[in-house]
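Trainee: structural data only, the sequence is not supplied:
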């Protein structure tokens, strides 16, 4: 969809379904492609923290944990604004009329240090300045099946993304990497390799669900923060799925009115491990597993699909 056409459609968000373009072979939304040069030249600062994930792998959850750590467990401070405003989404660009318009790049550039920035970019597309400045990066990976199901429902409710089609069709697109931000397989493997060369804390969604305290302590150590047991417990409680689901500053009910239809599927849907079993047929699962085995044969990465 052409950008000028998109501006016209911003008054009727129900009609917006943005097309995919490509950046170095990775599917991206056309508005992002249109400003790619600026994104690539983004100037990171040494004290920037980057939170990187494949979409729907626990990004907002990690952002909330990090914000609560940075604010020393002060719940009110963490509700100073929505997640989208607190942590600029680097490559997200929506050239529409307010309140739908958004430029993560502009928001990040205007923000005082220290900044926490979010991205879904695969490792090879991260602006070089993040490596040059030796920034800390937290990466969260989620098992492919749950990630796929969550991503499918997100496409259904978010009119700013391409139409997902049926689940069967979406599974096919996911397996072939023909989805926004590209191949899940390349994404998780690329970041896994990079962690040995850079300051990257690589976390797993399943571990976070199983033992949030242990994983939050890893983040604390990585961010060189020391908090009391009382503050740690407050962070665990306030970043639980149940609490976040009801938090308008984290559940996306305040952002982009009309673009996200929470009646189709809430942004905070289930947050479970193993929910894929409610969606995959036996045949789909068999086909997926065979393909997965081939694509993941060249990595030491291991995921759990149930707890």
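Mentor: That came through, no problem. All values reported here derive from a predicted model rather than from experimental measurement.

Trainee: what residues are up against the nearest residue to residue 68 once chain neighbours are set aside?
Mentor: In this structure, residue 68 finds its nearest non-sequential neighbour in residue 235, 4.5 Å apart by C-beta to C-beta, 6 or more residues apart in numbering. Any C-beta I mention is one placed from the backbone N, CA and C, and that applies to glycine too. Each residue near residue 235 by C-beta atoms under 8 Å, 6 or more residues apart in numbering is listed here: 65, 68-69, 73, 216, 227.

Trainee: now do the buried residues in the helix or strand residue 235 falls within.
Mentor: Applying DSSP states H and E as the criterion places residue 235 in helix 229-238. Taking 16 or more other C-beta atoms under 10 Å as the basis for neighbour counts, the residues of helix 229-238 that come out buried are 231-232, 234-236, 238.

Trainee: redo the residues you listed as JSON lines? Include distance to residue 270 and pLDDT.
Mentor: Compiled in JSON lines, the buried residues of helix 229-238 are given as follows (distance: C-beta to C-beta, whole Å; pLDDT from 0 to 100):
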{"residue": "231", "distance to residue 270": "28", "pLDDT": "97"}
{"residue": "232", "distance to residue 270": "25", "pLDDT": "97"}
{"residue": "234", "distance to residue 270": "24", "pLDDT": "97"}
{"residue": "235", "distance to residue 270": "22", "pLDDT": "97"}
{"residue": "236", "distance to residue 270": "19", "pLDDT": "97"}
{"residue": "238", "distance to residue 270": "19", "pLDDT": "94"}
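
Trainee: and of these, the nearest to residue 204?
Mentor: Ranking these by separation from residue 204, with C-beta to C-beta as the measure, puts residue 236 on top at 17.3 Å.

Trainee: distance of that closest one relative to residue 203?
Mentor: As for residue 236, its distance to residue 203 is 15 Å (criterion: C-beta to C-beta, to the nearest Å).

Trainee: same check on residue 141?
Mentor: 7 Å.

Trainee: quick check on residue 55: phi, psi?
Mentor: Dihedral angles of residue 55 (phi, psi; degrees, to the nearest 10) stand at phi -60, psi 140.

Trainee: how many neighbours does it have?
Mentor: Residues near residue 55, counting by other C-beta atoms under 10 Å, number 18.

Trainee: not counting its neighbours along the chain, what's nearest it?
Mentor: Using C-beta to C-beta, 6+ apart and skipping the chain neighbours, the partner closest in space to residue 55 is residue 120 (4.9 Å).

Trainee: kindly report the same for residue 276.
Mentor: Ranked by C-beta to C-beta, 6+ apart and with sequence neighbours excluded, the top spatial neighbour of residue 276 is residue 145, at 3.6 Å.

Trainee: give me the number of residues near that neighbour?
Mentor: Counted with other C-beta under 10 Å, the neighbours of residue 145 add up to 25.

Trainee: for stretch 33-48, what is the average pLDDT?
Mentor: Mean per-residue pLDDT for stretch 33-48: 98.

Trainee: er, stretch 194-206 actually
Mentor: Across stretch 194-206, the average pLDDT comes to 97.

Trainee: which parts of it are buried?
Mentor: Of the residues in stretch 194-206, 194, 200-206 count as buried by neighbour count, 16+ other C-beta under 10 Å.

Trainee: and what of stretch 184-191?
Mentor: By 16+ other C-beta under 10 Å, the buried positions in stretch 184-191 come out as 184-191.

Trainee: quick check: mean pLDDT of it?
Mentor: Stretch 184-191 shows a mean pLDDT of 98 in the predicted model.

Trainee: same question, stretch 254-265
Mentor: The model assigns stretch 254-265 a mean pLDDT of 77.

Trainee: what is the distance between it and the centre of its chain?
Mentor: Its chain's average C-alpha position is 17 Å from that of stretch 254-265, according to C-alpha atoms, centre = their mean, to the nearest Å.

Trainee: now do the same end-to-end measure for that stretch.
Mentor: Between the start and the finish of stretch 254-265 there is a gap of 15 Å, counting by C-alpha to C-alpha, to the nearest Å.

Trainee: so what touches it?
Mentor: For stretch 254-265, the surrounding residues in contact (C-beta under 8 Å, 6+ apart) are 13-14, 16, 82, 84, 94, 99-100, 102, 153-154, 156-160, 248, 252-253, 267.
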